[in-house]
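A.B. asks: how would this look folded up:
(chains A, B, C, D, E and F)
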Number of protein chains: 4
Amino acid sequence: MDEKSEQPARTHPGRTGRTPDTSRRSESSRKAILDASMRLVGEVGYNKLTIEAIAARAGVGKQTIYRWWPSKAAVLLDAFTGVVDEESYQQGIPDTGDLAADLKAVLRATVDEFNTPSFEAPYRALAAAGAADPSLSEQFVRRLMEPGRDVYVRRFEAAREAGQMAEDIDAAFATELLLGPFQARWLMRTEPLTYEFADTLVDYVLRGIAPR
Amino acid sequence: MDEKSEQPARTHPGRTGRTPDTSRRSESSRKAILDASMRLVGEVGYNKLTIEAIAARAGVGKQTIYRWWPSKAAVLLDAFTGVVDEESYQQGIPDTGDLAADLKAVLRATVDEFNTPSFEAPYRALAAAGAADPSLSEQFVRRLMEPGRDVYVRRFEAAREAGQMAEDIDAAFATELLLGPFQARWLMRTEPLTYEFADTLVDYVLRGIAPR
Amino acid sequence: MDEKSEQPARTHPGRTGRTPDTSRRSESSRKAILDASMRLVGEVGYNKLTIEAIAARAGVGKQTIYRWWPSKAAVLLDAFTGVVDEESYQQGIPDTGDLAADLKAVLRATVDEFNTPSFEAPYRALAAAGAADPSLSEQFVRRLMEPGRDVYVRRFEAAREAGQMAEDIDAAFATELLLGPFQARWLMRTEPLTYEFADTLVDYVLRGIAPR
Amino acid sequence: MDEKSEQPARTHPGRTGRTPDTSRRSESSRKAILDASMRLVGEVGYNKLTIEAIAARAGVGKQTIYRWWPSKAAVLLDAFTGVVDEESYQQGIPDTGDLAADLKAVLRATVDEFNTPSFEAPYRALAAAGAADPSLSEQFVRRLMEPGRDVYVRRFEAAREAGQMAEDIDAAFATELLLGPFQARWLMRTEPLTYEFADTLVDYVLRGIAPR
DNA sequence: CTATAACCGAGACGGTACGTCCAGTCTTGAA
DNA sequence: TTCAAGACTGGACGTACCGTCTCGGTTATAG
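C.D. replies: Below is the predicted model:
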């Protein structure tokens, strides 16, 4: 989680050992810290983001950060979760009956999202930090990736029930087949993320899972 | 490239004056630095790897590192390239006539490779650093990923000629379809990399690209 | 003050942000730094004295030195002031009625002092640094030289009142006449500092200021 | 001599061990080095003066400096000697028969000289470096100070023969009495060097050495 | 009249220290 | 007890020079 440690201690180093009293926590400080983190990561990037700068920007003592978070990645994860949670995954992917069209629509929207710097920068920072740090990636996947993944799984399941997908196809695996190339291309920047890519991806995947 | 900078300057900060004279470069120092980097990244991990430690281990002045590399990521990339280059991509993927079997064999070997800590640790470190730094990822992709990718592309092309793949399928895209989920799963550690995963992945992909 | 800077900036380079809070200064660190400086300058000499070595010896972070002092010369000045202050100038030069004898006694003691390496080394280092750096010499003169000079001035004034010195002689100038050759000889090492020199010096000076 | 070494090696460190062949020495390089030194010391001061900068400015390899001089102080000493030698001490101090007037005239000229920055800066730099380094001060005194001192000694001897000075006065000591306060005041900047100071100094000294 | 040994410009090299930045801990005083 | 503030130890950063060491190239005697 901390870029300085490969295997972060169970209780993080910044914590003096005592568990702080959550009930007395300052909500305004918490918000200021999360807010400052989001702003700063956009301004200077993740690697130049420092706890000190966050504290200074938030008008908060460094200890207040160390008291409640184990690392800057954790802070950022919290900060970003706050943003993403408001995006609602509740409604899921629309089901117009046209699986290809539905998937393309959502994937195209995701392309747009990942081409938006203010969203992309912190998300990428977290993904990169997660790639390096197992404990962070676990959090990152669970809190940021899985909600988005699940809506695809549900849509594929609906498709199967509607006979648009072969019976023996695993919806989760189909999702992985669809999102994997997308994520890989994005993370490693092998090629740009375009609508065309999204459409082609959907076409290829659907071809593999279509009923025979 | 450097974890301290999101957008490294064109000429990196470590370079004091200007372009050193390549012809007078000390080959023994170069090797010692690359060697020390590989050892150290295995011992302490990427984030705890320091230029100072590399210099000390290599018996070299820090400036000699800063003179020739812009960051520790670049050093590691060179060091790792030296190792990987010896792996031979020349022979490519065997063509026994059974596309599925051939792909599974190679992908299973890759699974093994990515489950070998001495290989995985520095490779992951570079991938993570590359995810955060565009100029590094460009290098990473070109020098470490593409050679591995190309052998798949060639195998798919052979398959198409052999009538094992539909005519309208793009070999490069098929490769992306195959390797994308693999890379995504590995980078984000969503699920473990197993032979079963490799096999299933090949099966799903081939189903999508098979001649109709 | 700093041997690296001829004209030190108003706020010295070592100071990152701005004026630290004096009230929270660690007294133990301050003492350890001053102590380590005095020991080290005796061991390795001024020019080989480094801030890093002082910090290491004092068990202190470098920043703690840079926070409170602009240069190693300033550290040494403080360290030396602490030593010298304990020497007492309070009683001044004895007045036995024999001006020549009184002056010779004190000047001979000074000869001894300047021939004592543990005293001479840091004092000379500061004097040399002061010769090169105006802001340091101002401090050096005010804190280390003037107290010693003043006792002579007072003795000369007493001598004038006692009729041992011509009425029109300026006590301060007489002091300069006495100490100038002494200092010049010491600094430039033109000749060794001996009792004979001290005595001769007093004789010559008194001859010039005696009542006619 | 070198600010990095308290006790410079007998044969200086920069010398590889072999004595270079003086007859093949490049005169143009020598001049360029001396010239660059003088310019640079005026621009950046002694402590910020570096061998590398001298070499660069002189368009000379570093080794060429290290081959012929043991330290930057030695270079500067040579450079300054070249300048000072042209000032002629040959004619000595005029002897108009009026000792006081003669001394005041010369001392006033010296006041002017020491108030001229282009002369004062390198001279002070050398004096300060000499104060710290015995082997340099020996050179400094012999090559730069003694020629100037000797003219005073000769003038005092002439004065004694002319009956303007007591028979038992040592001309060398009288000179020390005159120049010591001057040098001390200049080096430590206790007070400014003025004509008035020069005159008063002469008056006080002459009073002490006048025939009784 | 070469050749061969030096000096020379250039600058890479192993090092040391610089002054800075920031991590994570600790202390103080106010609320 | 939390909090803002910030001093503290510690360690790595990237830079600047040190003095040494090659590397061609260019003289300038010695054979």
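A.B. asks: Can you give me the buried ones in stretch A:61-78?
C.D. replies: Using 16 or more other C-beta atoms under 10 Å in any protein chain shown as the test for burial, stretch A:61-78 gives A:64-78. Placement of C-beta: from N, CA and C, glycine included.
A.B. asks: Tell me which residue is most central in chain A.
C.D. replies: What sits nearest the mean C-alpha location of chain A, by C-alpha atoms, centre = their mean, is A:Leu144, with 3.4 Å.
A.B. asks: tell me the SS of that residue?
C.D. replies: Counting by DSSP: H, G, I helix; E, B strand; the rest coil, the backbone at A:Leu144 sits in helix.
A.B. asks: can you tell me which residues contact A:Val84?
C.D. replies: A:Leu144, A:Pro147 (C-beta atoms under 8 Å, 6 or more residues apart in numbering or on different chains).
A.B. asks: If you could redo that for A:Asp78, that was the one I meant.
C.D. replies: Residues counted as contacts of A:Asp78 (C-beta under 8 Å, 6+ apart) are A:Leu34, A:Trp69.
A.B. asks: any idea which element it lies in?
C.D. replies: Using DSSP states H and E, A:Asp78 maps to helix A:72-86.
A.B. asks: returning to that earlier point: if we look at DNA strand F, which of the buried residues of stretch A:61-78 are close to it?
C.D. replies: Restricting the buried residues of stretch A:61-78 to those adjacent to DNA strand F (criterion: C-beta under 7 Å from any atom of the strand) gives A:Thr64, A:Arg67, A:Trp68.
A.B. asks: Is it possible to get CSV of these that adds distance to DNA strand E, secondary structure and pLDDT?
C.D. replies: Output for those, formatted as CSV (distance: C-beta to the nearest atom of the strand, whole Å; DSSP: H, G, I helix; E, B strand; the rest coil; pLDDT from 0 to 100):
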residue, distance to DNA strand E, secondary structure, pLDDT
A:Thr64, 9, helix, 96
A:Arg67, 9, helix, 95
A:Trp68, 12, helix, 95
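A.B. asks: Redo the residues you listed as CSV? Include distance to C:Val106.
C.D. replies: Below are these laid out as CSV (distance: C-beta to C-beta, whole Å):
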residue, distance to C:Val106
A:Thr64, 61
A:Arg67, 62
A:Trp68, 66
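A.B. asks: which among these gets closest to DNA strand F?
C.D. replies: Checking these against DNA strand F with C-beta to the nearest atom of the strand, the nearest one is A:Thr64 at 3.4 Å.
A.B. asks: what's the spacing between the residue of chain A found nearest chain D and A:Ala125?
C.D. replies: At 31.1 Å from chain D, A:Lys48 is the closest residue in chain A, using C-beta to the nearest C-beta. The gap separating A:Lys48 from A:Ala125 is 10 Å, by C-beta to C-beta, to the nearest Å.
A.B. asks: Looking at the two, which is more packed in?
C.D. replies: With neighbours defined as other C-beta atoms under 10 Å in any protein chain shown, A:Lys48 and A:Ala125 compare such that A:Ala125 has more, 23 against 16.
A.B. asks: That one: what secondary structure?
C.D. replies: The three-state label given to A:Ala125 by three-state DSSP is helix.
A.B. asks: what are the phi and psi angles of the closest residue to it other than its chain neighbours?
C.D. replies: Excluding its sequence neighbours, the residue lying closest to A:Ala125 (C-beta to C-beta, 6 or more residues apart in numbering or on different chains) is A:Tyr46, at 3.2 Å. Main-chain torsions, A:Tyr46, degrees, to the nearest 10: phi -70, psi -40.
A.B. asks: residue ranges with poor pLDDT in chain A?
C.D. replies: By pLDDT under 70, the low-scoring segments of chain A are A:1-18, A:85-88.
A.B. asks: okay, now the domains of it?
C.D. replies: A:22-83, A:88-209 (automatic domain parsing).
A.B. asks: Next one: A:Ile51 relative to DNA strand F, how far apart?
C.D. replies: Using C-beta to the nearest atom of the strand, to the nearest Å, A:Ile51 is found at 10 Å from DNA strand F.
A.B. asks: now do A:Ala174
C.D. replies: Counting by C-beta to the nearest atom of the strand, the gap from A:Ala174 to DNA strand F is 44 Å.
A.B. asks: for the helix or strand where that residue lies, packing partners?
C.D. replies: Taking DSSP H and E as the criterion, A:Ala174 maps to helix A:171-188. With contacts taken as 3 or more C-beta pairs under 8 Å, 6 or more residues apart in numbering or on different chains; DSSP states H and E, helix A:171-188 sits against helix A:99-114, helix A:117-132, helix A:146-161, helix A:195-209, helix B:117-132, helix B:171-188, helix B:195-209.
A.B. asks: Which members of the ones next to DNA strand F among the buried residues of stretch A:61-78 additionally contact chain C?
C.D. replies: When C-beta under 8 Å from any C-beta of the partner chain is applied, no member of those is adjacent to chain C.
A.B. asks: Quickly name whichever of the residues you listed is closest to B:Phe197.
C.D. replies: Comparing these against B:Phe197 with C-beta to C-beta places A:Trp68 closest, at 37.7 Å.
A.B. asks: Identify the residues contacting the residue of chain A found nearest DNA strand F.
C.D. replies: Nearest residue of chain A to DNA strand F, counting by C-beta to the nearest atom of the strand: A:Gly61, 2.7 Å away. Contact analysis of A:Gly61 by C-beta under 8 Å, 6+ apart lists A:Ala55.
A.B. asks: Could you measure from the residue nearest to the centre of chain A over to DNA strand E?
C.D. replies: 22 Å.
A.B. asks: coming back round to it: save the domains of chain A as CSV, and put in distance to B:Gly42 too.
C.D. replies: Below are the domains of chain A laid out as CSV (distance: least, C-beta to C-beta, whole Å):
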stretch, distance to B:Gly42
domain A:22-83, 23
domain A:88-209, 15
